[in-house]
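Colleague: predicted model follows, preceded by the sequence.
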Amino acid sequence: MNSVRYDADKGTGVAVVTLNRPERLNAIDVEMARELGGLWREVRFDDSVRAVVLTGAGERAFSTGIDRGVVVPQPSSPYMQDDPLLSIGPKANDLWKPVVAAVRGMACGGAFYLLGESEFVVADTTATFFDPHTTYGMVSAYESVLMAQRMPYGEVARMMLMGAAERISAQRAHAIGLVSELTEPGAALDAAVRCATVVAGSPAEAVQGTVRALWAAREAACAQAFAQAPHLIALGNLPTEGQAELFAGRRSAGRFRVR
């Protein structure tokens, strides 16, 4: 793999999956999307791996979502959509081993496809969370659905509608429950691995059954909302040229909301 790094410790039963495009803030291109999908499906067959930690390389970002340089042709029908990010998460690939996300730096936009399919999130104090879709003339559909399962409605609505104008600090994310544990800078990965090691030490069948039960509580709502997403996006998105114009004129980083 070129865009994803995979390190498994058979002694602890924990594997670390690292998004490995730090020069692009771990933005997800088509190659990374394919590698992630293939990796999750392979991990299903490795019984020595009982828990996974998902993180991003470098200090600046967990992931900034889809790479703006990626061109994904779309069908003209609002009932069909080719979204490469729909297949990047563990649940989308039928993996029911627990996944703990470790976030350092920015996590925004398409990164929520991955955070939304993780069991819980550990972050350090440099982490920030935001969704710039509306600022650049795009509907935040799948991201909003996934985050609405993890955050109070008013919090996720504010994040999605404020777009690039406001970023949620790690402290605020912890206060509203998006982040389960807050660490010092650079310590999120170690903390996530410690949690994953504890989880991996329990009987695998019980752990995976619990993961499946937890997801069952969410998936019906997600499936119904996802069914609405393609035509909402088709109706609400600006043409590609309009999005590019807004993106090219993007302002400096928005204000940080700590409280």
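Modeller: Happy to help now that I have it. Numbers count the residues shown, from 1 in each chain.
Colleague: what about the helices in the stretch 51-200 of the chain?
Modeller: 111-115, 142-148, 153-162, 170-175, 188-200 (DSSP state H, counting those that start in this stretch).
Colleague: need the nearest residue in space to residue 214, chain neighbours excluded.
Modeller: In space, and not counting its chain neighbours, residue 214 is closest to residue 119: 7.2 Å by Cβ to Cβ, 6 or more residues apart in numbering. Bear in mind the C-beta positions are built from the backbone N, C-alpha and C, glycine included.
Colleague: correct me, but the one you found touches residue 96?
Modeller: No - taking contacts as Cβ atoms under 8 Å, residue 119 lies outside contact range of residue 96: 10.3 Å.
Colleague: intersection of neighbour lists for those two?
Modeller: residue 211 (Cβ atoms under 8 Å, 6 or more residues apart in numbering).
Colleague: more neighbours: the two, which one.
Modeller: Between residue 119 and residue 96, residue 119 has the larger neighbour count (other Cβ atoms under 10 Å), namely 21 against 18.
Colleague: so how far is the host helix or strand of residue 218 from its chain's centroid?
Modeller: Element membership for residue 218 (DSSP states H and E) is helix 204-236. Distance of helix 204-236 from its chain centroid, counting by Cα atoms, centre = their mean, to the nearest Å, is 14 Å.
Colleague: average pLDDT for that helix?
Modeller: Per-residue pLDDT over helix 204-236 has a mean of 94.
Colleague: before we move on, what about stretch 43-54?
Modeller: Per-residue scores along stretch 43-54 average to 98.
Colleague: just the CA atoms of that stretch, as CSV, please.
Modeller: The C-alpha trace of stretch 43-54 is given here as CSV (Å, rounded to 0.1, in the frame of the first residue of the first chain):
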residue,chain,number,x,y,z
VAL,A,43,-8.4,-7.6,8.5
ARG,A,44,-11.7,-9.6,8.8
PHE,A,45,-9.7,-12.8,8.1
ASP,A,46,-6.8,-12.2,10.5
ASP,A,47,-7.8,-13.7,13.8
SER,A,48,-4.6,-12.4,15.5
VAL,A,49,-5.9,-8.8,15.1
ARG,A,50,-8.7,-8.2,17.7
ALA,A,51,-8.8,-4.4,17.8
VAL,A,52,-7.7,-1.6,15.5
VAL,A,53,-6.4,2.0,16.1
LEU,A,54,-6.9,4.4,13.2
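Colleague: if you count neighbours, what's buried in it?
Modeller: Judged by neighbour count using 16 or more other Cβ atoms under 10 Å, the buried positions of stretch 43-54 are 43, 49-54.
Colleague: and for stretch 153-164?
Modeller: Going by 16+ other Cβ under 10 Å, stretch 153-164 has these buried residues: 155-156, 159-160, 162-164.
Colleague: out of those, flag the one nearest to residue 132.
Modeller: residue 164 (3.9 Å; Cβ to Cβ).
Colleague: hmm, residue 135 and the closest one touching each other?
Modeller: Yes - at 4.1 Å, residue 164 counts as touching residue 135 under the criterion of Cβ under 8 Å.
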